[in-house]
Structures are given as structure tokens and as C-alpha cells.
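> heads up, no residue letters with this:
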DNA sequence: ATTAGTGTACTATTGAAATAGTACACTAAT
DNA sequence: ATTAGTGTACTATTTCAATAGTACACTAAT
């Protein structure tokens, strides 16, 4: 399905991890759901199995997935994880955005207007 | 002045280029101004001269600086460059922001509210 | 016990960024 | 002509993400 285009600026294993977290937060992956095996996911993403191994390892470290040896890798059943992730990520995104806008010398009022203008202007298009 | 902390996710030469562009857009660097030599800038940034060489090369490719062999590297005198850069970068920042927010399933209305909330919330800055 | 599917742990290689060091070419000032 | 300061062009080495391939350990089903 997704041969995926990766950005050069960030490790692929991390980009894949981001994508899984996004799907979880959006509800496209549900708590307890089994993820594709390391080998299968590697095929789907068009990368080496070792890359997925690192992705899953990173996600487990974050508490997003739980691995059961011999059975597979599953989305966590932690009831609050989804909300926590959504909240944390949202905060990160906004902080980065504001930082970037201020870095080019924009005032808060201009930042506010820019967002409004963009959303109304309809330069949409996403994945 | 800036021993600088670099992020691991992006090439250092590119991060330094970004910083120079930001300073130019903010008016801290003016058209025609001479930049530190490759060697001097390397010392200031705490990196290898080759890294700065790549930074200047990239900036020249973008038309942000002009190099005069034997004299140094100077900010471009192109009258519209500052405005163009500011505009382009601003568009990039906003597009990335919107894309990120939508990736975690937020509606445009929620995006708008988040920005408002963040700016009013008072995490540094004012106005 | 065997098998298939899984996670895990290795070793080795490739490619890009960064580092390190050297050398050359141009400009301005003397 | 010489010197200092500059951009530029090399070669070599290191580090890390990614790739490639192999082997082992655990689980469930048969």
C-alpha cells in the first residue's frame, strides 16, 4: 500500500514510528491491535527488517506498543496512552510552529493572521 | 557568541544556513554585509571549516549570498530577496504546521483554537 | 516432536555527514 | 615581489543510519 516517501532529514525508523503513532492517535489503530510482523512491515514499507526492528523497539520504549515474544507486536492497552500522545504531540507541533514563526521575526498577531489566512485560503492537501 | 547546539536530525551545514537566512530576514544581517570568513565562522560555530564551506555554497546556490574570491562572502544586494525569503519560509512553516496538526486528526477549527490558546496562554513572548 | 510465524541478536557492508589536514588561487595592501 | 586574508579543491578518516544476511529463541498449532 505505502511504498512511502521518506524525508532525508530524519532517520527512517523514526519516521515510521511517527506514522504509527499518528494512526493510533487518529483511531486507525486501536489498543491491543496486532501490528504487522517485523518482516511483513518491512515489506510494506519497502525497508530492511532491521529498520522496523528499531522502530518497534523505539515504540516499546515509549510505551506505545507491547511485544510478546513469539506472538507479535501489539498496540498498548494503556487506557490513557492515546490521549496523552495526542496532547503531547499537539503541544510539540504548536511550540515548533511558534518558534519557527518567531525566528523570522513575526509578531504573535501576524502568526495568528497567517493561520487564519491559510485555513481560509484553502491551500489544503494532505496525505 | 554562539557555540550553538545542533539537532541531530538535520545536517549541520544546513542548520547554519537556516540561521543565517533567519538573521537576514529579521534584519540582523543587511544586504551587502560581509559575513565572517569560512575559517572564522567555523571557529564561531565550533565546526569544521569544510562544513561552513558547504553552508556558504548552499546559500550562494539559493542566491542569498555572493562570494567574491579573495575578498569574502557577502549577503546579497538583491532588493527583493529579503521579502521573497520571508514569504517563502513563512509559507513553508505554515504548511508544515497544518500538515502536522491534520496528521493527528485535528479539524481546522481545532487548529485555529490551539494557536489562539497557545498565544494567549503566555509561554513566553507577549502582544 | 515438528512446523510456521514471531521477536531478537549478531556480523558485515554501504552511503552521507562531519571531521582533519593540506594545498592552491585570487585579492588587496605593502 | 611579498604578505595576509580570502574562497576553493582535494584526500583521508570517523560516525551513524540503513542495508544485507544469518542464526537463535519463543509461541501456538498440529
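Great, that's in hand. What you are looking at is a predicted structure, and each value in this text was computed from that prediction instead of being measured.

> make it CA atoms for all contacts and neighbour counts henceforth
Will do.

> May I see the domains of chain A written out as residue ranges?
According to automatic domain parsing, chain A is divided into the following domains: A:12-75, A:81-121.

> a markdown table please, covering those and showing mean neighbour count.
Shown next, in a markdown table, are the domains of chain A (neighbours: other Cα atoms under 10 Å in any protein chain shown):
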| stretch | mean neighbour count |
| --- | --- |
| domain A:12-75 | 17 |
| domain A:81-121 | 16 |
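
> got the residues of chain A near chain B?
Residues of chain A lying near chain B by Cα under 8 Å from any Cα of the partner chain: A:9-11, A:22-23, A:25-26, A:86, A:90, A:93-94, A:97, A:100-101, A:103-105, A:107-109, A:112, A:114-116, A:118-119, A:126.

> which ones among these come in contact with DNA strand D?
Subset of the residues of chain A next to chain B in contact with DNA strand D: A:10, A:11, counting by Cα under 7 Å from any atom of the strand.

> and the residues of chain A next to chain B, which of them are in helices?
Assignment to helices by DSSP state H places the following of the residues of chain A next to chain B there: A:22-23, A:25-26, A:86, A:90, A:93-94, A:97, A:100-101, A:103, A:108-109, A:112, A:114-116, A:118-119.

> Residue B:88 is in contact with residue A:101, correct?
No: using Cα atoms under 8 Å, residue A:101 is not in contact with residue B:88, being 12.0 Å away.

> which ones are touching residue A:74?
The contact partners of residue A:74, taken as Cα atoms under 8 Å, 6 or more residues apart in numbering or on different chains, are A:31, A:32, A:33, A:34, A:35, A:65, A:66, A:67, A:68.

> again, but for residue A:82
The contact partners of residue A:82, by Cα under 8 Å, 6+ apart, come to A:24, A:25.

> Now do it, the pLDDT please.
Predicted confidence (pLDDT) at residue A:82: the value is 96.

> Give me the three-state assignment for it.
Of the three states, residue A:82 takes helix according to DSSP: H, G, I helix; E, B strand; the rest coil.

> coming back round to it: in a markdown table, list the domains of chain A along with distance to residue B:82.
What follows is these, written out as a markdown table (distance: least, Cα to Cα, whole Å):
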| stretch | distance to residue B:82 |
| --- | --- |
| domain A:12-75 | 33 |
| domain A:81-121 | 11 |
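
> Please give the centre-to-centre distance between stretch A:107-127 and its chain.
In terms of Cα atoms, centre = their mean, to the nearest Å, the centre of stretch A:107-127 is found 22 Å from the chain centre.

> Check the average confidence over it, would you?
Averaging pLDDT residue by residue across stretch A:107-127 gives 75.

> can you redo the contacts of residue A:74 as JSON lines with secondary structure and distance to DNA strand D?
What follows is the contacts of residue A:74, written out as JSON lines (DSSP: H, G, I helix; E, B strand; the rest coil; distance: Cα to the nearest atom of the strand, whole Å):
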{"residue": "A:31", "secondary structure": "coil", "distance to DNA strand D": "18"}
{"residue": "A:32", "secondary structure": "coil", "distance to DNA strand D": "15"}
{"residue": "A:33", "secondary structure": "coil", "distance to DNA strand D": "15"}
{"residue": "A:34", "secondary structure": "strand", "distance to DNA strand D": "13"}
{"residue": "A:35", "secondary structure": "coil", "distance to DNA strand D": "15"}
{"residue": "A:65", "secondary structure": "strand", "distance to DNA strand D": "17"}
{"residue": "A:66", "secondary structure": "strand", "distance to DNA strand D": "13"}
{"residue": "A:67", "secondary structure": "strand", "distance to DNA strand D": "10"}
{"residue": "A:68", "secondary structure": "strand", "distance to DNA strand D": "7"}
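
> Any stretches of chain A with poor pLDDT?
Judged by pLDDT under 70, chain A has its weakly predicted residues at A:1-8, A:122-127.

> let's go with 50 and repeat that
Counting by pLDDT under 50, the ranges of chain A that qualify are A:1-3, A:124-127.
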